[in-house]
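Peer 1: What would the 3D arrangement of this be:
(2 chains)
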2 protein chains.
Amino acid sequence: MERIEKEKMNDREFSDRLITEIDKKRSVAVVGLDPVYQRIPLCFREVTRGNEGDLLKAAADAIIIFNKCIIDIVEPYVPAVKPQIAFYERYGIEGIKAFVHTVEYARNKGLIVIEDAKRNDIGNTAQAYADGHIGMAKFDEGREYRVFGVDAITINPYLGSDGINPFLDTLEKYNKGIFVLVKTSNPSSSELQDIVLEDGKTKLFEYVAKIVNTWGDNFVGQRGYSSVGAVVGATFPEHARVLRSIMPKSIFLVPGYGAQGAAGKDITECFNKDGYGAIVSASRSINYPHGSDLNISEDSFKILVENAVQTMNSDISEALSGNGLLPW
Amino acid sequence: MERIEKEKMNDREFSDRLITEIDKKRSVAVVGLDPVYQRIPLCFREVTRGNEGDLLKAAADAIIIFNKCIIDIVEPYVPAVKPQIAFYERYGIEGIKAFVHTVEYARNKGLIVIEDAKRNDIGNTAQAYADGHIGMAKFDEGREYRVFGVDAITINPYLGSDGINPFLDTLEKYNKGIFVLVKTSNPSSSELQDIVLEDGKTKLFEYVAKIVNTWGDNFVGQRGYSSVGAVVGATFPEHARVLRSIMPKSIFLVPGYGAQGAAGKDITECFNKDGYGAIVSASRSINYPHGSDLNISEDSFKILVENAVQTMNSDISEALSGNGLLPW
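Peer 2: Predicted coordinates for the structure are as follows:
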């Protein structure tokens, strides 16, 4: 984790790198990596034995093995993975070590890693987050260390541009990306995000979308998309069309597919006419296709994961194709 | 970090515990612990020698020594400290180890620890954050592990009640607290937070305040205050009076004092007539009273820190006293 990385700088915009991978894999699916120890099949928990005195460490060790298995299976099928750091922080330092291992492993496999962290804070604090997650920790004499080293991170906009600018500076310097929360996939997202503003028609999330579009203006890559993306939940397809027109150059990170109830047909509005402009994320449906069958064998688990990711890809491709949006 | 803590459960509401400490210390000041390696006096960086190959570890070791020094100095004067986890995440796993050390050390000194993390996510993910930061990681057979073990955490409300309810369940179970972002102290907080809603007068932050007040209803302690607090920046005193009336039972965590420009007189509107209802946080003015004089001796640094926290206390007390608000 702690090596200096100056020689390994990305030479292209995040948005271009992501679209290249989308084309290569012919997939816009992103696999969430949201490990919950109690839901991990017992075959991945062998490491727990003898570690009963330190279940946080045991959980973290099992998570690494579990995630590597999933990454190995899904790597040929998807451009990116999206570990949600909350599920690692739950297990403390050991959990965060598992997060770092997971990120390294996925990147070494050539996958783009989008960290779902929803970080936010004011200026100098936002800079600390940006340094740690997508940038470098800086020391005297120009020494810089890569820390978490993800390709992109999700960001909450409630604090305004003070909290975004450090991320913009950092993504420009290291060719990384951010996805700003605009309209989230959960039922209560309407409580704040759907509030109607003074003009009697604009909703808060539309207002946020306009700001996000402005933030992204300076970071548009050769493929026409910005490295400043937006989180737009798949559970509200009626809003996606509006948001697509407000943010034509932003790539939408679309959660809510699978366990949260959205299907392929719900996400077509998130795409532009060129068939790009969105990536669709599923976590639980790919991580836990075995349901409550914790005694499943590793081989059977692998088959279920492969089926789940293939089904997701074909479901999305069919929906895109049906609307003339399939770009390959 | 990993011991089971069932026998150490807090027996009182977070709000009552905090007010007891306020009375004991006769102070409403909170010291932020926001370490930036380059700003730490050289006398605390002796550990760096021989560690030049791993500056993240060296930085973390220096941060632990630096924080312990500050905690030792300020402990008699303040009820609580507020480490901002971004400044630890910047240094990766080593940095987060320093965070855990700092939390443990402060709690063992009897200080209340408020983690500034501004976490937020939807249901099951918010539960993972709540477990890790203020609750317990749960395993089979009812085993539970304390992880970060802070007393309270700051939370972002943009995702609505889905993202808050797991924190409410957790704070109730373990007698912990949360502070929800309502009106932040940074200049651009107005971009979203001050937007006027459909009625032509209510601002978004006032709307959020009303929801926060409702969230706090079920968690009011014996002293009349809720364990669901609000972050209200001291840099906007004109808003504080309005927010005080909307959220009469919430304790305000008031950042923006000191380096961000607010003074004692700016924060009186954050208090109720009983002289309670707010805690005031300063970070840079207490952490870096030596400015750019990195060659300062440890003894001189200690004097500056002690002076800074005493000045803050007397400045606030004077302002409260001048308005008949000093409760002791």
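Peer 1: drop to CA atoms for contacts and neighbour counts, all remaining ones
Peer 2: OK.
Peer 1: If you count neighbours, what's buried in stretch A:142-155?
Peer 2: A:144-155 (16 or more other CA atoms under 10 Å in any protein chain shown).
Peer 1: avg pLDDT for it?
Peer 2: Averaging pLDDT along stretch A:142-155 yields 95.
Peer 1: touching chain B at all, that stretch?
Peer 2: Yes: residues of stretch A:142-155 contacting chain B under CA under 8 Å from any CA of the partner chain: A:145, A:147-148.
Peer 1: The stretch 1-150 of chain A: helices as residue ranges?
Peer 2: A:14-25, A:55-74, A:86-89, A:92-108, A:123-133 (DSSP state H, counting those that start in this stretch).
Peer 1: just so I know, which of these lies nearest residue A:216?
Peer 2: Residue A:216 lies closest, by CA to CA, to one member of the helices of the stretch 1-150 of chain A: helix A:14-25, at 11.0 Å.
Peer 1: What's the mean pLDDT across that closest one?
Peer 2: Averaged across helix A:14-25, the pLDDT comes to 98.
Peer 1: Could you list the buried residues of it?
Peer 2: By neighbour count on 16+ other CA under 10 Å, the buried set for helix A:14-25 is A:14-19, A:21-22, A:25.
Peer 1: from those residues, which are also near chain B?
Peer 2: Among the buried residues of helix A:14-25, no residue sits close to chain B (CA under 8 Å from any CA).
Peer 1: Next up, the contacts around residue A:196.
Peer 2: The contact partners of residue A:196, taken as CA atoms under 8 Å, 6 or more residues apart in numbering or on different chains, are A:202-204, B:197-198.
Peer 1: re the thing from before, and the helices of the stretch 1-150 of chain A as CSV, adding distance to residue A:116?
Peer 2: Formatted as CSV, these follow (distance: least, CA to CA, whole Å):
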stretch, distance to residue A:116
helix A:14-25, 16
helix A:55-74, 16
helix A:86-89, 8
helix A:92-108, 11
helix A:123-133, 11
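Peer 1: which of those is buried the deepest?
Peer 2: Burial of the helices of the stretch 1-150 of chain A is given as mean neighbour count (mean count of other CA atoms under 10 Å in any protein chain shown); helix A:86-89 ranks first at a mean of 26.
Peer 1: which secondary structure elements does that one contact?
Peer 2: Counting contacts by 3 or more CA pairs under 8 Å, 6 or more residues apart in numbering or on different chains; DSSP states H and E, helix A:86-89 packs against helix A:92-108, helix B:123-133.
Peer 1: between the ones you listed, which gets nearest to residue B:62?
Peer 2: Using CA to CA, the helices and strands packed on helix A:86-89 put helix A:92-108 closest to residue B:62, at 18.6 Å.
Peer 1: Name the residues that touch that closest one?
Peer 2: Here helix A:92-108 makes contact (CA under 8 Å, 6+ apart) with A:1, A:56-57, A:59-61, A:63-64, A:67-68, A:71, A:81, A:83, A:85, A:87-89, A:112-113, A:148-150, B:93, B:96-97, B:132, B:147-148.
Peer 1: CA atoms only: put it into CSV for me.
Peer 2: Only the C-alpha atoms of helix A:92-108 are listed here, as CSV (Å, rounded to 0.1, in the frame of the first residue of the first chain):
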residue,chain,number,x,y,z
GLY,A,92,-12.4,-1.7,12.4
ILE,A,93,-8.8,-1.7,11.4
GLU,A,94,-8.9,-5.3,10.3
GLY,A,95,-11.9,-4.6,8.1
ILE,A,96,-10.1,-1.6,6.5
LYS,A,97,-7.1,-3.8,5.9
ALA,A,98,-9.5,-6.2,4.0
PHE,A,99,-10.7,-3.2,2.1
VAL,A,100,-7.2,-2.2,1.0
HIS,A,101,-6.5,-5.9,0.0
THR,A,102,-9.7,-6.0,-2.0
VAL,A,103,-8.9,-2.7,-3.8
GLU,A,104,-5.3,-3.9,-4.7
TYR,A,105,-6.5,-7.2,-5.9
ALA,A,106,-9.2,-5.8,-8.1
ARG,A,107,-6.9,-3.1,-9.6
ASN,A,108,-4.2,-5.7,-10.3
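Peer 1: distance between that helix and the chain's centre?
Peer 2: Distance of helix A:92-108 from the chain centroid (CA atoms, centre = their mean, to the nearest Å) equals 15 Å.
Peer 1: Kindly report the same for stretch A:139-150.
Peer 2: From the chain centre to the centre of stretch A:139-150 is a distance of 23 Å (CA atoms, centre = their mean).
Peer 1: what helix or strand is whichever residue of the stretch 201-328 of chain A sits closest to chain B on?
Peer 2: The stretch 201-328 of chain A approaches chain B most closely through residue A:208 (7.7 Å), counting by CA to the nearest CA. Under the criterion of DSSP states H and E, residue A:208 resides in helix A:204-216.
Peer 1: Just name whatever secondary elements that helix is in contact with.
Peer 2: Judged by 3+ CA pairs under 8 Å, 6+ apart, helix A:204-216 is in contact with strand A:177-183, helix A:190-193, strand A:226-232, helix A:237-246.
Peer 1: how about a cut-off of 7 Å?
Peer 2: Judged by 3 or more CA pairs under 7 Å, 6 or more residues apart in numbering or on different chains; DSSP states H and E, helix A:204-216 is in contact with strand A:177-183, strand A:226-232, helix A:237-246.
Peer 1: Now tell me what touches that helix from outside.
Peer 2: Here helix A:204-216 makes contact (CA atoms under 7 Å, 6 or more residues apart in numbering or on different chains) with A:182-183, A:193-197, A:226-228, A:243, A:246-247, A:250.
Peer 1: Could you identify the buried members of these?
Peer 2: A:182-183, A:193, A:195-197, A:226-228, A:243, A:246-247, A:250.
Peer 1: Tell me the one of those residues nearest residue B:77?
Peer 2: residue A:193 (41.2 Å).
Peer 1: quick one, the helix or strand where residue A:300 lies and helix A:55-74 angle?
Peer 2: Taking DSSP H and E as the criterion, residue A:300 maps to helix A:298-322. Interaxial angle of helix A:298-322 relative to helix A:55-74 (axes from the mean of the first three to the mean of the last three CA atoms, to 10 degrees): 50 degrees.
Peer 1: tell me how far helix A:298-322 is from the chain's mean position?
Peer 2: With CA atoms, centre = their mean as the basis, helix A:298-322 stands 18 Å off its chain's centre.
Peer 1: quick one: average pLDDT of whichever helix or strand residue A:171 is part of?
Peer 2: When elements are assigned from DSSP H and E, residue A:171 belongs to helix A:161-174. Averaging pLDDT along helix A:161-174 yields 96.
Peer 1: who does that helix touch, helix- and strand-wise?
Peer 2: Here helix A:161-174 touches helix A:123-133, going by 3+ CA pairs under 7 Å, 6+ apart.
Peer 1: How far off centre is the helix it packs on?
Peer 2: 19 Å.
Peer 1: does that helix come close to chain B?
Peer 2: Yes: on the criterion CA under 7 Å from any CA of the partner chain, helix A:123-133 is in touch with chain B at A:125, A:128-129, A:131-132.
Peer 1: now the residues you listed as JSON lines including pLDDT and distance to residue A:304?
Peer 2: Formatted as JSON lines, the residues of helix A:123-133 next to chain B follow (pLDDT from 0 to 100; distance: CA to CA, whole Å):
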{"residue": "A:125", "pLDDT": "97", "distance to residue A:304": "42"}
{"residue": "A:128", "pLDDT": "98", "distance to residue A:304": "40"}
{"residue": "A:129", "pLDDT": "98", "distance to residue A:304": "36"}
{"residue": "A:131", "pLDDT": "98", "distance to residue A:304": "38"}
{"residue": "A:132", "pLDDT": "98", "distance to residue A:304": "35"}
